[in-house]
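1. make a model of this:
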Amino acid sequence: MRFSPRSPVFSALSALGLMFASAAAQPPGTAPVAPVATPPPAPPLPFKVVPALDGLRFDQPLAIVTPPGETNRLFILEKPGRIIVIPDLAKPARETFLDLTAEVGNTDVENGLLALAFHPDYKKNRQFYLWLTVASATAGRRESHDRLARFTIAADNANRADSGSEQPLFSQLDRAPNHNGGELLFGPDGYLYLTIGDEGGANDQYHNSQRIDHNFFSCILRLDVDQRPGSLPPNPHPAVNAGTYTIPPDNPYVNAKEFNGAPVDPAQVRTEFWAVGLRNAWRISFDPVTGLLWAGDVGQDRVEEVDIIRRGENYGWNYREGDEAFQLRGAVVRTPPAGVTFAEPLFTYRHPNIPGVTADSGNCIIGGFVYRGSALPALTGHYLFADYVSGWIWALSPVDGKGGKVTVEKIARRVGVVSFSLDPLTGDVLMANIATGNIEKLVPNPAAAAK
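-> I've put the predicted structure just below:
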């Protein structure tokens, strides 16, 4: 994930330079070069993006969350560390639910308050969970820790958090300010799922992507925060606060003795892992109809991918980037061990700087969700996702729930989108735009309807 869009100025100047070169004078006796034809205007896209919530502004909004079962409140995460609640969607107004700006502190690059999930039974237990980075100083060095923490809502006010209720589940040192993952949600099984990137830097420089016996990186976790009967204690680890969660007994790496064909010590395995080999899954979502878990995994220099996440699958980073061998400066970096197979992405697109790629695609995928609302029936059953840099918003329609052939259509364009959600009151598709500070929505484009 990258929070600074690349300027389109260079591309525009390059295109103009080619046009000027075509019009330059030719040597005597050379046949004149025909002028470059102006391409026809692109047809209007079927949807456009407009402000929602009466144009309320937010400070770097990153996520939009609705408590389970509710239809008239939204919670907006602001990257510097605030959660804003909209108590009444019929009359949108901001109220501060929780302010953790002092705890977050450092918001460089991708640090900050990243994800929020309400417990399915929050109306009784008042619990919600946050994924955030926490600034600290050790021996004069400024450091950052990734933290999963549980809080409770104030007993006397559902629109206020109890700021003194924080209970960290784990908190691990993160040596780079990027690839912090950033989604937290409860699945239909009642377990808590969390995405974490590869610790950052570039090229998996900390060698986290293909390990299950080290730290909590390059993965999706699945945790039992209710500590149900039959669940297992996690293996000891310095980051874990013992007694705060347990491991579902059907997690794929429970009692694992090998990984990628090599032996591992079962006592060192991170049994919290549900899926591995992800570079930086930026936004995951469950389809409430099929139960499938969708993800957008951000690529390095070449490929962005949409994945269906399944139990125990390895998505290949950094042996692979998307559906091809990972390359650095044109050379393949690593060869996977013999016999190791990786899960195939459902859909990929290449960066526009790759030789031979002419498609106007993008550089940084933003995972979305399968739309099941009623406001935009043309999108029902489609997986919606975007690219942060190019601004393209796509609708993907799988032929079946197991992958295979898909159809993908560009439906709108808006630079700066960093997450999707559903308006529980209207059924609109909502998007957090970190560039404009707005919560925005998709609406049909009259110009397209007129064609």
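2. tell me which helix or strand comes right after the lowest-mean-pLDDT helix or strand in the chain.
-> The weakest-scoring helix or strand in the chain, judged by mean pLDDT, DSSP states H and E, is helix 9-23 (a mean of 29). Once the chain leaves helix 9-23, the next helix or strand it forms, by DSSP states H and E, is strand 47-51.
3. now stretch 391-406: mean pLDDT?
-> In this model, stretch 391-406 has an average pLDDT of 80.
4. distance between the host helix or strand of residue 63 and the chain's centre?
-> Residue 63 belongs to strand 61-65 when assigned by DSSP H and E. Centre-to-centre, strand 61-65 and its host chain are 11 Å apart (CA atoms, centre = their mean, to the nearest Å).
5. do stretch 273-289 as well
-> Relative to its chain's centre, stretch 273-289 lies at 8 Å (CA atoms, centre = their mean).
6. repeat for stretch 113-120
-> In this view, stretch 113-120 has its centroid 14 Å away from the chain centroid, taken as CA atoms, centre = their mean.
7. quick check: buried residues in that stretch?
-> 113-120 (16 or more other CB atoms under 10 Å). To be clear about C-beta, it is placed using only N, CA and C from the backbone, and glycine gets the same treatment.
8. related to what we said a few turns ago, just checking: what are the partner strands of the strand holding residue 63?
-> If you go by DSSP bridges, strand 61-65 pairs up with strand 74-78 (antiparallel).
9. which residues sit against the partner strand?
-> Contact with strand 74-78 is made by 53, 58-67, 83-86, 89, 97, 113-116, 421, 423-424, 430, 432, 439, as judged by CB atoms under 8 Å, 6 or more residues apart in numbering.
10. buried subset of the residues you listed?
-> For those, buried by 16+ other CB under 10 Å: 53, 58, 60-67, 83-86, 89, 97, 113-116, 421, 423-424, 430, 432, 439.
11. of those, which belong to strands?
-> 61-65, 83-86, 97, 113-116, 421, 430, 432, 439 (DSSP state E).
12. how near is the residue nearest the centre of the chain to residue 365?
-> For the chain, the residue nearest the mean C-alpha position is residue 282 (1.6 Å; CA atoms, centre = their mean). Using CB to CB, to the nearest Å, residue 282 is found at 7 Å from residue 365.
13. now do the contacts for residue 81.
-> Residue 81 is in contact with 99-104, 107, 112-113, 132, counting by CB under 8 Å, 6+ apart.
14. on the pLDDT front, check it for me.
-> 98.
15. now it: how far from residue 134?
-> Distance, residue 81 to residue 134, by CB to CB: 10 Å.
16. what's the overlap in contacts for those two?
-> With CB under 8 Å, 6+ apart as the test, residue 81 and residue 134 both reach 103-104.
17. where do the strands of the stretch 51-200 of the chain begin and end?
-> Remark: strands assigned in the stretch 51-200 of the chain by DSSP state E, counting those that start in this stretch are 61-65, 74-78, 82-86, 95-99, 113-118, 127-138, 141-153, 161-174, 183-186, 192-196.
18. could you dump those strands to TSV with distance to residue 310?
-> Listed next are the strands of the stretch 51-200 of the chain as TSV, based on distance: least, CB to CB, whole Å:
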stretch	distance to residue 310
strand 61-65	24
strand 74-78	28
strand 82-86	31
strand 95-99	34
strand 113-118	21
strand 127-138	22
strand 141-153	23
strand 161-174	24
strand 183-186	16
strand 192-196	13
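19. which residue is the nearest non-sequential neighbour of residue 250?
-> With CB to CB, 6 or more residues apart in numbering as the criterion, residue 250 has its nearest non-adjacent residue at 7.8 Å, and that residue is residue 311.
20. now, among the buried residues of stretch 113-120, which is nearest to residue 226?
-> residue 119 (8.4 Å; CB to CB).
21. and whatever helix or strand residue 398 lives in, how far out from the chain middle?
-> Residue 398 is part of strand 392-400 when elements are defined by DSSP H and E. Taking CA atoms, centre = their mean, one finds the center of strand 392-400 at 17 Å from the center of the full chain.
22. tell me what angle it forms with strand 429-433.
-> Between strand 392-400 and strand 429-433, the angle comes out at 140 degrees (axes from the mean of the first three to the mean of the last three CA atoms, to 10 degrees).
23. what's next to strand 392-400, contact-wise?
-> Contacts of strand 392-400 (CB under 8 Å, 6+ apart): 47, 49, 306, 346-347, 360-362, 371, 379, 381-386, 404-414, 417, 442.
24. switch the cut-off to 6 Å
-> Applying CB atoms under 6 Å, 6 or more residues apart in numbering, the contact partners of strand 392-400 are 347, 362, 379, 382-386, 405-413.
25. so after it, what's the next helix or strand?
-> strand 403-413.
26. go through that next one and flag the buried ones.
-> 403, 408, 410-413.
27. name the helices or strands packed onto it?
-> In this structure, strand 403-413 makes packing contacts with strand 47-51, strand 392-400, judged by 3 or more CB pairs under 6 Å, 6 or more residues apart in numbering; DSSP states H and E.
28. got a list of contacts for that strand?
-> By CB under 6 Å, 6+ apart, the residues outside strand 403-413 that reach it are 45-49, 346-347, 391-399, 442.
29. now the buried members of the residues you listed.
-> 45-49, 346-347, 391-396, 398, 442.
30. quick one: contacts for residue 101?
-> By CB under 6 Å, 6+ apart, the residues touching residue 101 are 80-81.
31. same thing but at 10 Å, please
-> Going by CB atoms under 10 Å, 6 or more residues apart in numbering, residue 101 touches 59, 78, 80-82, 107, 112-113.
32. now residue 257
-> For residue 257, the contacting residues are 263-266, 269, by CB under 10 Å, 6+ apart.
33. got a markdown table for the residues you listed, with distance to residue 339, secondary structure and pLDDT too?
-> Shown next, in a markdown table, are those (distance: CB to CB, whole Å; DSSP: H, G, I helix; E, B strand; the rest coil; pLDDT from 0 to 100):
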| residue | distance to residue 339 | secondary structure | pLDDT |
| --- | --- | --- | --- |
| 263 | 15 | strand | 98 |
| 264 | 16 | coil | 98 |
| 265 | 21 | coil | 98 |
| 266 | 21 | coil | 98 |
| 269 | 20 | coil | 98 |
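34. the residues you listed, buried ones only, as a ChimeraX selection?
-> Filtering those down to the buried ones (16+ other CB under 10 Å) takes a single ChimeraX command:
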select :264,269
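35. adding distance to residue 181, write the contacts of residue 257 out as CSV.
-> Below are those laid out as CSV (distance: CB to CB, whole Å):
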residue, distance to residue 181
263, 28
264, 23
265, 25
266, 25
269, 20
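36. residue 288: which of the contacts of residue 257 is nearest?
-> Using CB to CB, those come closest to residue 288 at residue 269, 31.6 Å.
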